[in-house]
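Visitor: here's a sequence, model it:
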Amino acid sequence: MVRWLSVLAVCYSSLSIASNEFRDFFNSFESLSANFSQQTYSNTGMVLANTSGNLKFQRPAQFVWQTDLPFEQTLLLSNNELWLVDYELEQASMRSIDELKNTPLYWLINRPDQLDTLPSFTDSQQGVRWYSTQQDDTLSFGFVNKKLAAIKLNNRLDQQVLVSFSKLKTNPSFKQNTFKLTLGADFDVIR
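Guide: Presented below is the predicted three-dimensional model:
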């Protein structure tokens, strides 16, 4: 009986630590920056696309997701406006903020204590501890050494998108115009 209680206590403490990892990390910063690489896989595991770039985030609700390869694009959230900027097409289009709830961005702009439910620990794979949300598209956050290392999303096209982070910094300082939409005179703006 004592052995069983000891095993149960160890399991409970492990689950308690795991359940706090997501919350503790996302409560630990006001700003964040990182480089990323993104791969999109078909339902058979074939790589469909590779993207890389960087992100910058500052609470409350300021975000820049800049892709460099293969095309230069920016997703910008500032002043309650969400913009997608395509530099090759010289086009900027405003998106509905209502669409955010089904994206990883929703989980970034809201502190864990503002969310209805937190992602739950699901498993560990190759040293990454995964926490999944309860939404339609399976969205998971991967942690290594209690820091965000990856995000994966299974989309409605039955594809898996895996975003891996490097050079992640919490609480960096940003220039004043980092989250400001700046477009050239030749850009088409679609609202």
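Visitor: spatially central residue for the protein, please.
Guide: Centroid check for the chain by C-alpha atoms, centre = their mean gives residue 104 as the closest residue, at 4.3 Å.
Visitor: show me what contacts that one?
Guide: 139, 141, 151, 153, 163 (C-beta atoms under 8 Å, 6 or more residues apart in numbering). C-betas here are computed from N, CA, C, even on glycine.
Visitor: out of the residues you listed, which comes closest to residue 56?
Guide: Nearest to residue 56, judged by C-beta to C-beta, of the contacts of residue 104 is residue 163 at 14.8 Å.
Visitor: so which elements touch the helix or strand harbouring the closest one?
Guide: Following DSSP states H and E, one finds residue 163 within strand 160-170. Packing partners of strand 160-170 (3 or more C-beta pairs under 8 Å, 6 or more residues apart in numbering; DSSP states H and E): strand 31-41, strand 147-154.
Visitor: downstream of that strand, the next helix or strand is which one?
Guide: strand 188-190.
Visitor: sheet partners, orientation included, of that following strand?
Guide: The strands that strand 188-190 pairs with in its sheet are strand 91-95 (parallel) (by DSSP bridges).
Visitor: beyond the partner strand, next helix or strand please.
Guide: That would be, after strand 91-95 and using DSSP H and E, helix 104-109.
Visitor: the helix or strand just after that next one pairs with which strands, parallel or anti?
Guide: Helices and strands here follow DSSP H and E; after helix 104-109, the next one along the chain is strand 120-125. Paired strands of strand 120-125, with direction, are strand 128-132 (antiparallel) (DSSP bridges).
Visitor: tell me the buried residues in the partner strand?
Guide: Neighbour counts over strand 128-132 (16 or more other C-beta atoms under 10 Å) mark 128-131 as buried.
Visitor: pLDDT weak spots in this structure?
Guide: 1-19, 99, 102, 136-137 (pLDDT under 70).
Visitor: you'd agree residue 146 is up against residue 25?
Guide: Yes: if you go by C-beta atoms under 8 Å, residue 146 and residue 25 touch, sitting 6.3 Å apart.
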